[in-house]
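Asker: Fold the following and give me the result.
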Amino acid sequence: MSRIGRMPIAIPAGVSVDIAENNKVTVKGPKGTLERVLPAEMEISKEGEEIVVKRPNDLKKMKSLHGLTRTLINNMVIGVTEGYQKVLEVNGVGYRAAKQGNKLNLALGYSHPVDMTDPEGITTTVDGNKIIVSGIDKEKVGQYAAEIREKRAPEPYKGKGIKYADEVIRRKVGKTGKK
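Answerer: As a prediction, the model looks like this:
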């Protein structure tokens, strides 16, 4: 039995979960509403104040979908109650980030400024050299943070670029002179 899949998901106060046909799950909470169509093979049921996910058989595909389905629902519940955020750091001389309305302006050593528009449901804030990406959908927050990082990924010699706050960059030793 999947260790993650068999754990029930507790529904906190102020959150409503609706399960429609074809496993369309809608989660409403204080921060917003998320909906997602989950694999049709899984049995998703609401038992009192918790959600239970069951699988029909022990095929390898069903075992992997079991844990995935439970985690996706749990991420939706956490998203509408607490929300998600990713923190990025801009490192390097002359590299900076600024916010204008819903646009993120990045100066990353290119001959032109890089402008990024916040996707729907995602907000970014700039605090010094930190960019904080936040929203209720874990997948969208992670994707947008990855797109920002991709504009200038950190390099291994000086560590310049955009990195996640908890990311460790493996540094390399530069050139050595002739003797």
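Asker: Which strands and helices lie in contact with the helix of greatest length in the chain?
Answerer: For the chain, the longest helix by residue count, based on DSSP state H, is helix 60-81. Helix 60-81 sits against strand 9-10, strand 24-29, strand 32-37, strand 50-54, helix 138-150, with contacts defined as 3 or more CB pairs under 8 Å, 6 or more residues apart in numbering; DSSP states H and E. Every residue, glycine included, has its C-beta placed from N, CA and C.
Asker: Could you tell me how far the second one lies from the centre of the chain?
Answerer: Strand 24-29 sits 18 Å away from the centroid of its parent chain (CA atoms, centre = their mean, to the nearest Å).
Asker: and for it, what are the contacting residues?
Answerer: 12, 14-20, 33-38, 44, 73, 76-77, 79-81 (CB atoms under 8 Å, 6 or more residues apart in numbering).
Asker: ok, of these, which come out buried?
Answerer: By neighbour count, with 16 or more other CB atoms under 10 Å, the contacts of strand 24-29 hold 15, 17, 19, 34, 36, 38, 44, 73, 76-77, 79-81 as buried.
Asker: what are the phi and psi angles of I136?
Answerer: The phi and psi values for I136, taken as degrees, to the nearest 10, are phi -100, psi -20.
Asker: dump the residue contacts of the residue nearest to T125 when sequence neighbours are not counted.
Answerer: Residue nearest to T125 in three dimensions, not counting chain neighbours: I132, with 4.8 Å by CB to CB, 6 or more residues apart in numbering. Residues in contact with I132 (CB under 8 Å, 6+ apart) are 85-88, 124-126.
Asker: So which of those residues are in strands?
Answerer: 85-88, 124-126 (DSSP state E).
Asker: Any chance of the backbone angles for the residue nearest to T125?
Answerer: phi -110, psi 120.
Asker: Run through the protein and note the low-pLDDT ranges.
Answerer: Where the chain drops to pLDDT under 70, the residues are 1, 179.
Asker: Quick one, which of the contacts of I132 are buried?
Answerer: 86, 88, 124, 126.
Asker: Dump those into TSV; add distance to I136 as well.
Answerer: Below are the buried ones among the contacts of I132 laid out as TSV (distance: CB to CB, whole Å):
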residue	distance to I136
K86	13
L88	19
T124	14
V126	20
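Asker: Nearest to Q100 among those residues?
Answerer: V126 (10.0 Å; CB to CB).
Asker: quick one: N102 and M116 touch, right?
Answerer: No - look at N102 against M116 with CB atoms under 8 Å: they stay out of range, at 9.7 Å.
Asker: Show me which of these two is the more surrounded one.
Answerer: Neighbour count, other CB atoms under 10 Å: between N102 and M116, M116 has more, with 17 against 13.
Asker: Tell me the secondary structure at that one.
Answerer: The three-state label given to M116 by DSSP: H, G, I helix; E, B strand; the rest coil is strand.
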